[in-house]
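**Student:** Take a look and give me a structure for this.
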Amino acid sequence: MTSKFAGKEQTRFINHRLRIPVALFITLSLTAIASAQGGGGNPELQERVAALKQSVAANQQKLHQYQWTEIQSITYKGEAKPPKQFMCQYGPDGKVQKTPMAQGQQEQPSGGRLKQKMIAKKKEEMADYMGDVKTVLAQYVPPNPQKIQQAFAAGKASISPDKSAGLVNLVFKDYAQPGDQMTIAFDSAAKKIAGLNVNTYMGQAKDAVTLVVDFSSLPDSTNYVEKTALNAAAKQIVVTTTNTNYRKMGGM
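**Tutor:** Coordinates of the predicted model:
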């Protein structure tokens, strides 16, 4: 009896000793998988994402020294609306402040009171929608280093070369909203963003929105958004903005 009992205890001890390495192996394997999913398994991706975040942060500081003119054009159901101009600069809160510039002669309303009321209602709805458009734009332009890092850490980032232009495309999924995708064309040599494409939506996934952003550089190498084109197909609205006439503010 004593020998049999001792044998069972020895077997149990051996099994216990064996379970520890197995558990350790599983833990290490899961850690390695999580690291690979988070981009840790791709040194090039990790390096490019780090360079992108650094570039965006440094460039934003430069842009805070400037004023510029934004020209906004809207096409609704194929009909172009009169363009609007704004004087822009960054405010103390870090957000862009837009001041409407003097416009040309305004179109005078025509028709009876009912028609004018309908026109006023449509203008109000358009203004509300444009407010939503502004909110969507702000989520992607300029890219947010913190959100870039979150997407990278969650394994939602990937990289592919753009041999035709000597750039790399950095793709981030679920960047600002579940199901969205932002692709950044990054010039690794100059450490600048060359372009940006976004597939997202306004409120609901069925209200799909695409955003194409072109970047350019000022004489002091500051990178800026030269043009954006937002297409809200469900609403038949195309919003194009052009930024120009950049100049440093006095005393800076």
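**Student:** separation between residue 179 and residue 208?
**Tutor:** 10 Å (C-beta to C-beta, to the nearest Å). Bear in mind the C-beta positions are built from the backbone N, C-alpha and C, glycine included.
**Student:** hey, what's in contact with both of these two?
**Tutor:** Shared contacts of residue 179 and residue 208, defined by C-beta atoms under 8 Å, 6 or more residues apart in numbering, are found at residue 201.
**Student:** When these two are compared, which one has more neighbours?
**Tutor:** Remark: of residue 179 and residue 208, residue 208 carries more neighbours, 14 against 10, as counted by other C-beta atoms under 10 Å.
**Student:** any idea of the mean pLDDT for the helix or strand harbouring residue 121?
**Tutor:** Residue 121 is part of helix 113-140 when elements are defined by DSSP states H and E. Mean pLDDT, computed over helix 113-140, is 80.
**Student:** Buried residues in it, which are they?
**Tutor:** Buried residues in helix 113-140, counted by 16 or more other C-beta atoms under 10 Å: 126, 129, 133, 136, 137, 139, 140.
**Student:** List the contacts of residue 200.
**Tutor:** Contacts for residue 200 (C-beta under 8 Å, 6+ apart) come out as 136, 139, 140, 176, 177, 180, 181, 208, 209, 210, 211.
**Student:** For those, give me CSV that also has distance to residue 68 and secondary structure.
**Tutor:** Formatted as CSV, these follow (distance: C-beta to C-beta, whole Å; DSSP: H, G, I helix; E, B strand; the rest coil):
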residue, distance to residue 68, secondary structure
136, 21, helix
139, 21, helix
140, 19, helix
176, 24, coil
177, 28, coil
180, 27, coil
181, 28, strand
208, 30, strand
209, 24, strand
210, 24, strand
211, 19, strand
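**Student:** Just the closest of those residues to residue 229, please.
**Tutor:** residue 211 (7.3 Å; C-beta to C-beta).
**Student:** Tell me how many other residues crowd that closest one.
**Tutor:** If you count neighbours by other C-beta under 10 Å, residue 211 ends up with 23.
**Student:** Just to check, it is in contact with residue 227?
**Tutor:** No. Taking contacts as C-beta atoms under 8 Å, residue 211 lies outside contact range of residue 227: 11.2 Å.
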